[in-house]
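[1] okay, predicted coordinates and the sequence, questions at the end:
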Amino acid sequence: MPEPDDMPPLDPPSLHPLGVDGVLIRFGAQLSEGANRAALAFRAALEADPPEGTEETATSLTSVYLRFDPTGTDHARLQAALAPLLDSRDWSRAPLPGGRRLWRVPAAFCTDLAPQLEEAAALAGLSPEDAITAICAAPLRVQTIGFAPGQPYLGELPPVWNIPRQTGLTPRVPEGALAVAIRQMVLFSVSTPTGWRHVGQTAVRLFRPEADDPFLLRPGDEVLFHPVARDEFEALRDRDASGGAVAERLG
Amino acid sequence: MAEILIQSAGPGVTVQDQGRPGYLAQGLSRGGAADRLALAEGAALLGQAADLAAIEIAGSFLTLEATAPVRIALTGAPMRALCQGAALTWQASHLLPAGAQLQLSGSRGGMSYVHVGGGIAADPVLGAASAHLGAGLGRMLAAGDRLPLGTDPDGPTGRTFTPLDRFDGGLLRMVETPQTRLFPEAEHTRFTETAFTKDARGNRMGQRLTPAEGEGFGLPSGLTILSEAIVPGDIQITGDGAPFVLLSECQTTGGYPRLGTVLPCDLPRLVQAPPGAILRFRFVSLDEATRAERDEATRRAALSKSIRPLIRDPRDMPDLLAHQLIGGVTRGDDLDRSAP
């Protein structure tokens, strides 16, 4: 992932009403490192000092959503509180939030557990072996969590991985499946149909409603995959919900 | 502890409360009752807190009994309610005797609610008892399920009120989304001039709508939108041009263009529209939307003041002499009080 200094300047951020009780703060119409960094950093600033009436905040790939209580405040007051914070710095070069973690996650890439690895590798112009090496080469950022509980969008992969989603849907990938498209990976927290290509399998359970900390990953965390053989994957899967994932603090 | 025993349940019968706000950043939508107004109404009828869990019936059927006498309230989409052969008034509270069978059937569509005194005391997961099927939390109720009840604050039964008129479709107010202006102006006009009905494909995640006439709606081809926050009420225009209005159990992010966002205070009208009822849309300003939300919040907070005794029509009473008549009307709850 390029450093912020290498990034072209982004369009200025923009504020938009989203429903009667929400504001969307957009940092880019396209995914980029700077726009994702800005969303993560700006949300952290809001969480540290939320404007009056804030109910909750969340990030998507390049934007922040703030939900407020419309009986206590309104759009004009919220936007007046947000604008100075938004203008106070270049959020695309802001430090990422504190408390982030690096997760090392074992993943199996044998054929039946990674049924579309060959196909995806071919689209990226790589051999399956080189594709595994590339996927496991560097930590990927949890750019956002969404679609399903605890489910991360990870990126950004090198440009060769700018491969499209399938036109059809895979009827079902299992929980823990690792899938790729458009320089991103999704690690599935539920078993679901998907248009992303299934290129690996982990044994990690990302959403554990019964646990004290039900969501394993947080936006801004990093994930580094490492390949394991089938027998090791099966042992991890049978052992516990962590699937062998271990974390260390970043920064 | 008193329990509700489920004797039979059709599809889409779940425990619901106010849901789980606060987890959007982790990909978990709030969920909770599809018609939160009906929760407030049930709470007002029973004189208890609006955050207690109730049973939601999604156009289906339900038969249950209780292990002890319990106060119940019936709100949302009206159904045929029978207790020991007697018809119970909908939008009202009653006393359900221990072991008496309550049979609910004949839904015309929409969401119906059974509230119990003290609420359903299911173990909370992530702070709520509501089933969130999309997130794998909870499940549909089935015959044999036993639901523990909380402590009833006690109070009268045989009470009723006049619910907000929302059971025959009508006008839904919406505000612009960040993508509204991507649609050509002519499409805005056509959308607001179109009569829609509910498609059979609807659930707690969202409701697909069918235009009475004309083509689907859509963006100029080739425009794609990066996935961003989506909220209940958003009118997504999916690939085939049909509007899909997001509801309480929707996903947290999405990349379909959205033409408008229905006001939260108007969503019950969509949820409760029966099949074939006409739904129309109108854009309102943010100021008007904010006023509408505040007015509705004020109205809901005062619901308990609108509760009145249920007055039965003497002609409907099977045995008039068994009831104390006071000027031709009864207290209304004496059927309940005299039940075994």
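    In hand now; what should we look at?

[2] how about residue 249, nearest residue that isn't a chain neighbour?
    Just so you know, I chose chain A. residue A:101 (5.8 Å; CB to CB, 6 or more residues apart in numbering or on different chains). For every residue, glycine as well, the C-beta is placed using N, CA and C.

[3] not what I meant, chain B
    That would be residue B:204: by CB to CB, 6+ apart, it lies 4.0 Å from residue B:249.

[4] and for residue A:232?
    residue A:106 (6.9 Å).

[5] ok, that neighbour - how many residues close by?
    The burial count assigned to residue A:106 is 23, neighbours taken as other CB atoms under 10 Å in any protein chain shown.

[6] and the contacts of the host helix or strand of it?
    Per DSSP states H and E: residue A:106 is located in strand A:101-108. For strand A:101-108, the surrounding residues in contact (CB atoms under 8 Å, 6 or more residues apart in numbering or on different chains) are A:114, A:135-136, A:139, A:178, A:187, A:200-204, A:216-218, A:221-230, A:232-233, A:236, A:243-250.

[7] please name the residues that touch residue B:125.
    Going by CB under 8 Å, 6+ apart, the list of residues near residue B:125 reads A:209-210, B:137-138.

[8] ditto for residue B:280
    Residue B:280 makes contact with B:170-172, B:192, B:194-196, according to CB under 8 Å, 6+ apart.

[9] the residue in the stretch 101-250 of chain B positioned nearest to chain A: neighbouring residues, count only.
    Using CB to the nearest CB, the single residue of the stretch 101-250 of chain B nearest to chain A is residue B:229, 3.5 Å away. A count of neighbours around residue B:229, defined by other CB under 10 Å, yields 27.

[10] coming back round to it: for beta bridges, what are the partners of the residue nearest to residue A:232?
    Counting by DSSP bridges, residue A:106 is bridged to residue A:226.

[11] in strands only, show me the contacts of residue B:280.
    Judged by DSSP state E, the contacts of residue B:280 include B:170-172, B:196 as members of strands.

[12] where's the closest residue to chain B within the stretch 101-250 of chain A relative to residue A:40, distance?
    Closest residue of the stretch 101-250 of chain A to chain B, CB to the nearest CB: residue A:146 (3.7 Å). In this structure, residue A:146 and residue A:40 are 13 Å apart, going by CB to CB, to the nearest Å.

[13] between these two, who's got more neighbours?
    A count of neighbours by other CB under 10 Å puts residue A:146 above the other of residue A:146 and residue A:40, at 29 against 25.

[14] OK, contacts around the residue positioned nearest the centre of chain B?
    Geometric centre of chain B, nearest residue: residue B:35, 2.7 Å, by CA atoms, centre = their mean. Contacts for residue B:35 (CB under 8 Å, 6+ apart) come out as B:76, B:110-111, B:113, B:267-268, B:271-272.

[15] by neighbour count, which of those wins?
    residue B:76 (31 neighbours).

[16] quick one, phi psi at that residue?
    When read as degrees, to the nearest 10, the backbone of residue B:76 gives phi 80, psi -150.

[17] contact partners of the longest helix seen in chain B?
    Longest helix of chain B, by residue count under DSSP state H: helix B:286-301. Helix B:286-301 is contacted by residues A:17, A:20-21, A:70-71, A:74-75, B:37, B:40, B:164, B:173, B:175, B:263-266, B:284 when judged by CB under 8 Å, 6+ apart.

[18] after that helix comes which helix or strand?
    Later in the chain than helix B:286-301, the nearest helix or strand by DSSP H and E is strand B:308-309.

[19] now that following strand, how far from the centre of its chain.
    Distance, stretch centre to chain centre, for strand B:308-309: 22 Å (CA atoms, centre = their mean, to the nearest Å).

[20] for it, packing partners?
    strand B:159-160 (3 or more CB pairs under 8 Å, 6 or more residues apart in numbering or on different chains; DSSP states H and E).

[21] of the contacts of residue B:280, grab the buried ones for PyMOL.
    In PyMOL, this line selects whichever of the contacts of residue B:280 come out buried by 16 or more other CB atoms under 10 Å in any protein chain shown:
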select buried, chain B and resi 170+172+194+196
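
[22] would you turn the contacts of residue B:280 into CSV with distance to chain A?
    CSV is the format used below for the contacts of residue B:280 (distance: CB to the nearest CB, whole Å):
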residue, distance to chain A
B:170, 19
B:171, 16
B:172, 13
B:192, 18
B:194, 22
B:195, 24
B:196, 20
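
[23] secondary structure element for residue 15?
    This is for chain A. Element membership for residue A:15, per DSSP H and E: strand A:14-17.

[24] meant chain B, my bad for not saying
    Assigned by DSSP H and E, residue B:15 belongs to strand B:13-16.

[25] is that strand positioned near chain A?
    No: on the criterion CB under 8 Å from any CB of the partner chain, strand B:13-16 is out of touch with chain A, staying 14.8 Å away.

[26] other SSEs contacting the helix or strand that comes right after that strand?
    Counting by DSSP H and E, the next helix or strand C-terminal to strand B:13-16 is helix B:36-46. The contact analysis (3+ CB pairs under 8 Å, 6+ apart) places helix B:36-46 against strand B:70-76, strand B:92-96, strand B:111-116, helix B:267-271.

[27] distance to chain A for those - can I get that in CSV?
    As requested, the helices and strands packed on helix B:36-46 are exported to CSV (distance: least, CB to the nearest CB, whole Å):
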stretch, distance to chain A
strand B:70-76, 23
strand B:92-96, 28
strand B:111-116, 21
helix B:267-271, 11
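
[28] and among the ones you listed, the most buried is which?
    Mean neighbours per residue, mean count of other CB atoms under 10 Å in any protein chain shown, is largest over these for strand B:70-76, with a mean of 27.

[29] restrict the very next helix or strand once past it to CA atoms and write it as PDB.
    Helices and strands here follow DSSP H and E; after strand B:70-76, the next one along the chain is strand B:80-83. What follows is strand B:80-83, C-alpha atoms only, in PDB (Å, rounded to 0.1, in the frame of the first residue of the first chain):
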ATOM      1  CA  ARG B  80     -58.700 -12.600  14.100                       C
ATOM      2  CA  ALA B  81     -58.100 -13.300  17.800                       C
ATOM      3  CA  LEU B  82     -60.000 -16.000  19.600                       C
ATOM      4  CA  CYS B  83     -59.700 -17.000  23.200                       C
END
